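**Q** predicted model follows, preceded by the sequence.
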Amino acid sequence: MIGRPYTSASFLGNRGVAAATLATPSRSTTIAVTSDETRLVVVNREANSLSIIQVKDAQGNDVAVKLDEIAVGLEPRCVSVHPNDQVAYVTNGISATVSVVDLVLGRVVRNVPTGTEPRGCALTPNGHLLYVANNTEGTVSIFFTGNPLNPIPVGAVPVGRNPTAVAITNDGDDDDADETVFVTQIFAELNPDFVDPNFVPPGMIDPCPHTILRRRPCEVQGTRGRTGRLVKFVQGLKKDIVE
C-alpha cells in the first residue's frame, strides 16, 4: 500500500480538473488518437520523437497531414493522450522519464522521472491518474494528473518481474477511484499447477488504495512468445500472494 488510502478528489484542492472523459477503456499503446478523432500521435522509438498527424479536417474529411514531430526522451515506448486532447504522456525507456507533451504548443513542457525502463502507460477515464509500468524495476509508478501539464508523483507499487503493459477499465462515471488497472508481467514464469481459490476476474489494480491482493498466471503471446502473469490490485489490505 502506498501511503494512506485516497481518492483522486483528495488531491484537487482549488485547481479543478478537466471535464473531459475518455469514451472507452484505456491501454498502453505506441499509437493513439485524440477523442475528436482529428489527430493521431505516434511514438518513434529509434528517432526519439513523437509525431502528430492530422487524420480529419474541419469538414470531417479523411486526410493525412504530418503536423509536427517533437523530440522526447531516449527510446520512447508508449503514449497516452489526456481526455482534454491537449496533452500527451510519453514513456522513455532509456531516459527513465515520462515526457509531458503540450499538443497545442507542440513541445515537451517537462520530463518527469519514473522507475527504471518505463514501458506501458495508461490514464484513468477522467484523466486524474497516470499509471506507468517500470519494466526493469518491477514497479508501477502512479502520477496524479489533475493538472495535466504538471503530473504529481503519488508513489510506486512493486508488482514483480518485468511489468510491461497497462490497461484500465471505464465504467462511465465521474469517479476514477472505482476503476480497475491491469498490468501484465512478461518473462514471468508460468506455473501450470497454480490455483487461486479467491480468484474471480482476471488480475487487476484498483486506483485506490493501490494494493496487491493476488496474481494470476496467464499465457501472454507477445512478439517474443513469452509466458507472463497478470497482476491484480484491489481495494483493501495487502494479503499474501499465492504463487
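**A** That came through fine.

**Q** use CA for all of it now, contacts and neighbours both
**A** Will do.

**Q** mind listing what the nearest residue to Pro158 once chain neighbours are set aside touches?
**A** What sits nearest to Pro158 in space, not counting adjacent residues and going by Cα to Cα, 6 or more residues apart in numbering, is Thr139, at 4.2 Å. Residues near Thr139 by Cα atoms under 8 Å, 6 or more residues apart in numbering: Gly115, Ala133, Ala156, Val157, Pro158, Val159, Gly160, Pro163.

**Q** out of these, who's the most crowded?
**A** The member of the contacts of Thr139 surrounded by the most neighbours (other Cα atoms under 10 Å) is Ala133, with 34 neighbours in all.

**Q** what's the spacing between the residue nearest to Pro158 and Val154?
**A** 13 Å (Cα to Cα, to the nearest Å).

**Q** cool, Gly127 as well?
**A** 15 Å.

**Q** so which elements touch the longest strand along the chain?
**A** The single longest strand within the chain, with elements called by DSSP state E, is strand 62-71. Applying 3 or more Cα pairs under 8 Å, 6 or more residues apart in numbering; DSSP states H and E, we find strand 62-71 packed against strand 49-56, strand 107-113.

**Q** the very next helix or strand once past that strand pairs with which strands?
**A** Scanning forward in sequence from strand 62-71 by DSSP states H and E, the next helix or strand is strand 76-81. Here strand 76-81 is paired, per DSSP bridges, with strand 87-92 (antiparallel).

**Q** restricting to C-alpha, output the helix or strand following the strand it pairs with in CSV.
**A** As assigned by DSSP H and E, the chain's next helix or strand after strand 87-92 is strand 97-102. Taking Å, rounded to 0.1, in the frame of the first residue of the first chain, the C-alpha atoms of strand 97-102 are listed here in CSV:
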residue,chain,number,x,y,z
THR,A,97,11.1,9.5,-17.7
VAL,A,98,7.7,10.5,-18.9
SER,A,99,7.7,13.4,-21.3
VAL,A,100,4.7,15.7,-20.9
VAL,A,101,3.9,17.0,-24.3
ASP,A,102,1.8,20.1,-24.9
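
**Q** show me what strand 97-102 is packed against.
**A** Against strand 97-102 (3+ Cα pairs under 8 Å, 6+ apart) you get strand 87-92, strand 107-113.

**Q** give me the angle between that strand and strand 87-92.
**A** 160 degrees (axes from the mean of the first three to the mean of the last three Cα atoms, to 10 degrees).

**Q** so what does Thr139 have for phi and psi?
**A** phi -130, psi 170 (degrees, to the nearest 10).

**Q** ok, what's across the strand from it?
**A** Asn134, Pro158.

**Q** how much space separates it from Asp178?
**A** Counting by Cα to Cα - Thr139 and Asp178 are separated by 21 Å.

**Q** do Asn92 as well
**A** Asn92 is 29 Å from Asp178, by Cα to Cα.

**Q** and Val65, by the same measure?
**A** In terms of Cα to Cα, Val65 sits 39 Å off from Asp178.

**Q** tell me which stretches of this structure form helices.
**A** In the chain, no helices are defined using DSSP state H.
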